[in-house]
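K.L.:
show me the folded form of this:
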Amino acid sequence: MQIGTRNSLTDVPGLRVGHAQDHGLKSGCSVVVGDAPFVASCHVMGGAPGTRETDLLAPDKTVQMVDAIVISGGSAFGLDACSGVMDGLDAAGRGFAIGAARVPIVPGAILFDLLNGGDKAWRVNPYRELGRAAYDAAGGDVALGSIGAGTGAVCAMQKGGVGSASFVLDNGVTVAALVVANPVGSATTPAGHFWAAPFEMNGEFGGLGPDPRGGLCYPPISLKMQAMLAVAGGNTTPCIVATDAKLDKAQCHRLAVAAHDGIARAVVPAHTPHDGDIVFALSTGARPVGDTDLLTIGAAAAHCVARALARGVYEATAAPGDVLPPWRDR
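P.N.:
Below you'll find the predicted structure:
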């Protein structure tokens, strides 16, 4: 395996990523859009998810293709970012055809960032407008860190953010991930080493390496929970993994299940009752593969998720009013 050209989700041909944010709000959203509709499914392992249109992604449901996937801040308010993306797709004539009508299919998931120091006293929900802005900004270059849905993200001990990573497999298949790190758990050991360090490629999140000490089974400590008054449901690590391998919805679901291992490799503790951990898995279908290839694709996706999560934390930057500092200022 080798890293893709951009080391991001857009190494999968035909995919674009857009971000939009309001730094006063300390929140934003991110969208993955396909040049054409793509197959997708998802799997939730957190105890406090916030989602839209995810039931439709089950293998037995009617719609087989979706137009975009959204990750947004704002807790349940942020689900309206999907509406803004729908507006953009509708204006472009995209959507699931039902007779003369077309309905853009835009699943989404949110993270909780309502207690991160930003100005949340809006009179009109801002997320629909942010969703449309993210759609309009979608392109091949993927900015990381404190941007888009990661603008106000916070981990247990430091700021979170948007991260991405990719692999090109020996058979030519590309596998990639886009992650927003906002967990109740920690992305680092107490000494600041990333839990994902064994999977780091080419120093992509600092090259500090694994923590050399043992005995790291310490009781979980979260400065985030203290800063945010221990509000249950205040955390999420939403992920999107993508491949150009030709997968059906059932295989995409299996890919999403496998990719959750990446969260567990990069966050301690992971998949808690207070997290909304979700993985969307999508296939653009450009490369036919055999049934046994799904094992390798799933393993690569989990590695990409772990790397992307650490990159999101590593790339976070300081902003006025932050409740926790970024990793680089530790």
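K.L.:
pull out the buried residues from the longest strand seen in the chain.
P.N.:
In the chain, with assignment by DSSP state E, the single longest strand is strand 27-44. For strand 27-44, the neighbour count (16 or more other CB atoms under 10 Å) marks 27-34, 37-44 as buried. For every residue, glycine as well, the C-beta is placed using N, CA and C.
K.L.:
what's the most distant pair in those residues?
P.N.:
Ser27 and Val39 (29.9 Å; CB to CB).
K.L.:
that older thread, now for the longest strand of the chain, which elements pack on it?
P.N.:
strand 15-22, strand 66-72, helix 81-91, helix 127-137, strand 174-181, helix 249-266, strand 278-287 (3 or more CB pairs under 8 Å, 6 or more residues apart in numbering; DSSP states H and E).
K.L.:
that strand pairs with which strands, parallel or anti?
P.N.:
strand 15-22 (antiparallel), strand 66-72 (antiparallel), strand 278-287 (antiparallel) (DSSP bridges).
K.L.:
following element in sequence after that strand, please.
P.N.:
strand 51-52 (DSSP states H and E).
K.L.:
quick check: end-to-end length of stretch 192-209?
P.N.:
From its first residue to its last, stretch 192-209 covers 10 Å (CA to CA, to the nearest Å).
K.L.:
so what's the residue count around Leu144?
P.N.:
When neighbours are counted by other CB atoms under 10 Å, Leu144 registers 25.
K.L.:
I should have written Ala138 there, sorry.
P.N.:
Ala138, neighbours per other CB under 10 Å, totals 22.
K.L.:
the closest residue to it other than its chain neighbours: what's it in contact with?
P.N.:
Spatially, and ignoring its direct neighbours in sequence, Ala138 is nearest to Gly18 (3.3 Å; CB to CB, 6 or more residues apart in numbering). Each residue near Gly18 by CB atoms under 8 Å, 6 or more residues apart in numbering is listed here: 30-31, 33, 133-139, 148.
K.L.:
in the stretch 151-300 of the chain, which spans are helices?
P.N.:
If DSSP state H, counting those that start in this stretch is used as the criterion, the helices of the stretch 151-300 of the chain fall at 223-227, 249-266, 293-314.
K.L.:
and the longest one with strand 174-181, angle?
P.N.:
Right, the one you point to is helix 293-314. 40 degrees (axes from the mean of the first three to the mean of the last three CA atoms, to 10 degrees).
K.L.:
who are the packing partners of helix 293-314?
P.N.:
Secondary elements touching helix 293-314 (3+ CB pairs under 8 Å, 6+ apart): strand 161-168, strand 174-181, strand 238-245, helix 249-266.
K.L.:
any chance of JSON lines for the ones you listed, columns mean neighbour count, mean pLDDT and distance to Ser222?
P.N.:
Below are the helices and strands packed on helix 293-314 laid out as JSON lines (neighbours: other CB atoms under 10 Å; pLDDT from 0 to 100; distance: least, CB to CB, whole Å):
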{"stretch": "strand 161-168", "mean neighbour count": "29", "mean pLDDT": "98", "distance to Ser222": "17"}
{"stretch": "strand 174-181", "mean neighbour count": "31", "mean pLDDT": "98", "distance to Ser222": "14"}
{"stretch": "strand 238-245", "mean neighbour count": "29", "mean pLDDT": "98", "distance to Ser222": "19"}
{"stretch": "helix 249-266", "mean neighbour count": "23", "mean pLDDT": "98", "distance to Ser222": "16"}
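K.L.:
quick one: which of those is nearest Ala97?
P.N.:
Among those, helix 249-266 sits nearest to Ala97 (CB to CB), with 18.6 Å.
K.L.:
the closest one vs strand 161-168, what angle?
P.N.:
120 degrees.
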